[in-house]
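here are the coordinates; sequence isn't available:
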């Protein structure tokens, strides 16, 4: 339950960082304080937020490869950051089971976006999980087409 609240705090911070350019450290500190998180939950939130920040370009390339017909920058800010968090947990975190990472992202979409977004998030992260089973995606692969098939996408 603490990690769920931590993920919601990270989403709020990433939203502010992405939409208005607020410093992520400051946005996360505010979100953690507002959620009343400290200790292990706060540390989990920091790791997740800074993983997204530090690997955003690679994460966005991976999302773009998986989200056929969608450009990452055209996605709703909430949906884009939920996907970033999910990809960060699936690719860069070794302590979160695949099904938990996907389910938590879907739940965030249900609460903070809409049912269609929840299905979209589930589809993208589910495809990433399936591809990881066939050919593991590593952090280094996120910047190339290795490990994840590339698809031509129309520009919406």
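Received, thanks. Everything numeric here is computed off the predicted structure, so don't read it as measured data. Residues are numbered from 1 along each chain as shown.

So which residues make contact with the helix or strand of the chain with the lowest mean pLDDT?
Of all regular secondary-structure elements in the chain, judged by mean pLDDT, DSSP states H and E, the least confident is helix 115-134 with a mean of 91. Contacts of helix 115-134 with the rest of the structure, by CB atoms under 8 Å, 6 or more residues apart in numbering, involve 62-63, 66-67, 76, 78-79, 82-83, 86-87, 90-91, 98, 101-102, 105-110, 137, 147-149. In short, each C-beta sits where N, CA and C put it, glycine included.

What residues sit buried inside that helix?
Within helix 115-134, the residues that qualify as buried by neighbour count (16 or more other CB atoms under 10 Å) are 117-118, 120-122, 124-125, 127-129, 131-132.

what does stretch 74-88 give?
75, 78-88.

Of those residues, just say which sits nearest to residue 35.
Taking CB to CB as the measure, residue 35 sits nearest to residue 85 out of the buried residues of stretch 74-88, at 15.1 Å.

Please look at that closest one and residue 6 and confirm they touch.
No: Residue 85 sits out of contact with residue 6 when judged by CB atoms under 8 Å, with a separation of 10.5 Å.
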